[in-house]
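1. compute the structure for the input listed below.
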Amino acid sequence: MNRKVYSADVLEKYILMFIKDGINYPTLVKEYGLSIHNTIFYQYVNKYRKYGLEALKPRKLNNIYSEEFKQKVVNAYLNDEGSLRDLTLRFNVPAVSTVSYWIMKYTEG
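-> Numbering: from 1, shown residues only. All right, here's what the predicted structure looks like:
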């Protein structure tokens with residue numbers, strides 16, 4: 001599957017077909033031309049369900065997170081409140097690798 005870039009509006013159309021119309025992922029790929037890996041698509045679906053269309057829009061700047069926020073996310077992980085992916089969604093952090101880095105940083109020192 002190639003790395004096609006979709007606008008937030010186009011992604012939303014695919015997601016709504018999936019959520020509201022009940023069209024499954026393989027059908028979206030075969031019949032509607034969706035060209036995103038299934039794992040990525042389901043991440044978009046989950047973000048859309050939680051945060052709406054804004055979650056699908058590209059972020060223009062790097063986010064700056066407070067130390068307190070980072071510690072809150074790390075503590076949630078250390079207290080078994082969810083997987084890295086769960087916490088990324090819960091706290092609206094764009095990448096699992098960001099949360100993973102915070103955990104490594106806070107548990108090393």
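
2. go ahead and flag the most central residue of this structure.
-> Gln43 (4.5 Å; Cα atoms, centre = their mean).

3. contacting residues around it?
-> Arg85, Leu89 (Cβ atoms under 8 Å, 6 or more residues apart in numbering). To be clear about C-beta, it is placed using only N, CA and C from the backbone, and glycine gets the same treatment.

4. now do the one 10 residues further on
-> Leu53 makes contact with Ala8, Asp9, Glu12 under the criterion Cβ under 8 Å, 6+ apart.

5. the last one: how many residues sit nearby?
-> This means Glu12. A total of 18 residues lie near Glu12 under the criterion other Cβ atoms under 10 Å.

6. wouldn't it be in contact with Leu56 here?
-> Yes. Contact criterion Cβ atoms under 8 Å: Glu12 and Leu56 qualify, at 6.1 Å.

7. overlap in contacts of those two?
-> Tyr48.
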